[in-house]
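Undergrad: This is the structure alone, sequence omitted:
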Ligand code: SF4
Ligand code: SF4
Ligand code: SF4
Ligand code: FES
């Protein structure tokens, strides 16, 4: 900590903090345009942050001058004020001042700073520079070059954060403008972030174009459930519709960025955030939300027909009764922990069937699950950035969990992290040899592995090899090292921990211990085989369509064909649902959901409803509870919060959690005391 | 059952009594002494005559009552009646660009604007955007005129129409078309100082 003086106040600030940041410790605001710590080192492009420092003859940029002990800084002296007004006037020389038609109006730093630090008048009467506008920079982004203040933020993002290197500033001086280097549309995985970065209305979202002004909307915090990265988002809501998705900075999850899928998937669905399944199955079909199921349906004469809830419930109950114990259930990856828990209870306690699964990669022995999930072995997302080396095993982060890709790039670029890739074959060939190769990189090593590493007949061997690798690198004993899994589905980890596995109950407990059901449930592939063979007759699909999974398609087709009863919760009539479901309950999109999900690194995060249910959709948990009660099982859940409380009670290492504790940023269960309740391998044997 | 009429319970009456005890606060009402019969008859006559003096004194001026609604009260030019949206006289395009600034300024929160983008085929206003939906809920409007002040394009002004009664509340939600249209009958205007 150092002490310096700013505007006559003594302020204590951390050493080496830039003046703009240090000033905040004394409640002094220095206006900035180009300074954005998320983008890396300051560039000093806009000169908005000029301050007067005693002893230095010229004004200095506060964004790139570190505060030093004993410094005396003025931000409101005559010289500083004149400079600030001059910079604002200068920036506005070519600015079209079309705030009333600009989408940034009302949430625009240029407006705010002009109001706060500008002169209030202009002396400029000459004609302004003109560009063709509006122009599309890409399918999703509109660019208005007249409004650009040349702060370089978007270009820096493209060059230094997402490293797609597409955006450049062309021409010189006042004629400079932002463009892609080859004139093609800006297409990459993270383009939408430049909309949020742009401090003026030069880059705006096309789907959000003219949809609302800041005072027309409400913001609702939630978590994107379209991929396992589970980025924190703010949903912009107008008239009960989600019309925009913004990043909600959480350094431990997303670092303040969003991928384009999370940001732009909503309009294709009529203003409702998508479900991953719908996006996978011909997004065009879901155009404008046309395909969204909002009413319960039953199959009648080979066709799905809309019916009342009462009728659908009766039908589902009758079907489940007929199937009795011979029913299997599959939870899709976007289901919440609560839904998973209740579904597993419905199956195990209500129907007496142990066949529940949520894992795309097939079963793994409980012992291996326990070992892989061991708290001391788990790396955090931020460890990816600061580790000496990261080993990416079998995964492709930009596809599986895009936001982790940005984290890896940041690690490599800013902290000299070493990135190494290896395939499953290399791992199987010899985990010790692999460990030897890594050993030179340092001791903080994070192994980022994809769930599919452990798929197939060799799955257990791969998992064992992974554990051996972890052991050889002693990942469990080094702070900042560990394993980080990318599950195949968003809430893969949470569903597993909630007990949606054929061989484990809540908290990865041994289901044999709880008695009710026989411990040998079948996994998804097994359920398909048994259905096809006629051993099982009923199937319960919770936001999952097995025909969308490339694996075992053939078996699944036969299985669905043969199944007597298929009850499905679904948002869209994807193939499997359209052709085979007998009862369809309309299911919620994530913006409507209430509950918790678990991030791959063990962080429990909370989904909060931002908009009301469209049509006659009901909360998933309440449908499961209602079904259970009609089957004679009281799940003792009346509200979403009660479902969460039941989850925290059932999973020993979530014990004592509350929704308040999870809050907006989530909590990692490994960092809580209750983590001690994690079952050890020894307990199992 | 006649015999079973409940007695007033002692608690109930106790509660009644203790409801409010004026205590020290009791206000004494001062009454004037009651006048005698002769005196009060004189007083009644005198006051009536005083009133009639005004009546007869003005009789020469003729009636001032207006036969509303056949006849309408003229309003001053700056009277704030129901709003009008305007078009450019030359191009016929709407002046409103759908910026919602009026909605932001409105203290009664009775304006709703949903904007959309102009296309070459469908050009509604000169700029990039126009108001696809523009509604004012006149049953909530307090006729403060802040919307007029807020508008950067003079697209909305307060008109002179004040006949806004209706049999149905929902008729008082004025749409863009209604606000753009000339009123069927114009309110008469009076000059300043008239
Ligand atoms: S487009 Fe926006 S972010 Fe990019 S340089 Fe211009 S003002 Fe800055
Ligand atoms: S006159 Fe006042 S209350 Fe009425 S619409 Fe305008 S701003 Fe709102
Ligand atoms: S009337 Fe004026 S202030 Fe209101 S939306 Fe239209 S242009 Fe904007
Ligand atoms: S914020 Fe310091 S130069 Fe732009």
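TA: Looks like it came in fine. Keep in mind that this is a model prediction, so the values were computed, not measured. Numbers count the residues shown, from 1 in each chain, chains lettered A, B, ... in the order given. Ligands and ions are numbered 1, 2, ... in the order given.

Undergrad: Give me the nearest residue to the closest residue to ligand 3 within the stretch 151-300 of chain A, chain neighbours excluded.
TA: Closest to ligand 3 within the stretch 151-300 of chain A is residue A:213: 9.3 Å, counting by CB to the nearest ligand atom. For every residue, glycine as well, the C-beta is placed using N, CA and C. Sequence neighbours aside, residue B:100 is the residue nearest to residue A:213 in space, at 4.3 Å (criterion: CB to CB, 6 or more residues apart in numbering or on different chains).

Undergrad: Residue A:663 now?
TA: residue A:606 (7.2 Å).

Undergrad: On the three-state scheme, the one you found is what?
TA: Look at residue A:606: counting by DSSP: H, G, I helix; E, B strand; the rest coil, its state is strand.

Undergrad: I figured it hits residue A:661, correct?
TA: No: applying CB atoms under 8 Å, one finds residue A:606 not in contact with residue A:661, separated by 9.9 Å.

Undergrad: how about the strands in chain B?
TA: Taking DSSP state E, the strands of chain B run over residues B:83-85, B:111-117, B:129-137, B:156-158, B:173-174.

Undergrad: The stretch 101-250 of chain A too?
TA: A:135-136, A:141-143, A:167-170, A:177-180, A:203-205, A:218-223, A:232-238, A:241-247 (DSSP state E, counting those that start in this stretch).

Undergrad: in the stretch 301-450 of chain A, what residue is nearest ligand 3?
TA: Nearest residue of the stretch 301-450 of chain A to ligand 3, counting by CB to the nearest ligand atom: residue A:403, 37.8 Å away.

Undergrad: What residues does that residue make contact with?
TA: A:229, A:231, A:253-255, A:257-259 (CB atoms under 8 Å, 6 or more residues apart in numbering or on different chains).

Undergrad: worst-scoring helix or strand of chain B, pLDDT-wise?
TA: Least confident helix or strand, chain B: helix B:10-17 with a mean of 48, by mean pLDDT, DSSP states H and E.

Undergrad: one step back: and the residue nearest to residue A:213, how many neighbours?
TA: 26 (other CB atoms under 10 Å in any protein chain shown).

Undergrad: Contact partners for it?
TA: Counted by CB under 8 Å, 6+ apart, residue B:100 has contacts A:213, A:215-216, B:111, B:113, B:115.

Undergrad: Make JSON lines out of the residues you listed and add neighbour count and distance to residue B:167.
TA: As requested, the contacts of residue B:100 are exported to JSON lines (neighbours: other CB atoms under 10 Å in any protein chain shown; distance: CB to CB, whole Å):
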{"residue": "A:213", "neighbour count": "21", "distance to residue B:167": "34"}
{"residue": "A:215", "neighbour count": "13", "distance to residue B:167": "33"}
{"residue": "A:216", "neighbour count": "20", "distance to residue B:167": "31"}
{"residue": "B:111", "neighbour count": "23", "distance to residue B:167": "24"}
{"residue": "B:113", "neighbour count": "23", "distance to residue B:167": "27"}
{"residue": "B:115", "neighbour count": "25", "distance to residue B:167": "32"}
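
Undergrad: Which one of those residues is nearest to ligand 2?
TA: When these are compared for distance to ligand 2 (CB to the nearest ligand atom), residue B:111 wins out at 5.2 Å.

Undergrad: Just grab the bridge partners of the closest one for me.
TA: On the basis of DSSP bridges, residue B:111 is bridged to residue B:136.

Undergrad: List the contacts of it.
TA: B:100, B:102-103, B:134-137, B:147.

Undergrad: Give me the below-cutoff pLDDT ranges for the chain.
TA: I went with chain A, as the question did not name one. A:267-290, A:512-519, A:681-685 (pLDDT under 70).

Undergrad: switch to chain B, that's the one I care about
TA: Along chain B, segments meeting pLDDT under 70 span B:1-22, B:26, B:29, B:192-194.

Undergrad: How many neighbouring residues does residue A:660 have?
TA: 7.

Undergrad: How about the secondary structure of it?
TA: Put simply, residue A:660 is helix when judged by three-state DSSP.

Undergrad: Contact partners for it?
TA: By CB under 8 Å, 6+ apart, residue A:660 lies in contact with nothing.

Undergrad: The closest residue to chain B within the stretch 1-150 of chain A: how many residues sit nearby?
TA: The stretch 1-150 of chain A approaches chain B most closely through residue A:100 (3.6 Å), counting by CB to the nearest CB. Neighbourhood size, residue A:100 [other CB under 10 Å]: 19.

Undergrad: Please apply the same query to residue B:181.
TA: Applying other CB under 10 Å, we find 12 residues neighbouring residue B:181.

Undergrad: Please tell me how far it sits from ligand 2.
TA: With distances taken as CB to the nearest ligand atom, to the nearest Å, residue B:181 is found 18 Å from ligand 2.

Undergrad: Against residue A:132, how distant is that residue?
TA: The spacing between residue B:181 and residue A:132, counted by CB to CB, to the nearest Å, is 36 Å.

Undergrad: Farthest-apart pair in the contacts of residue A:403, please.
TA: A:253 and A:259 (12.7 Å; CB to CB).
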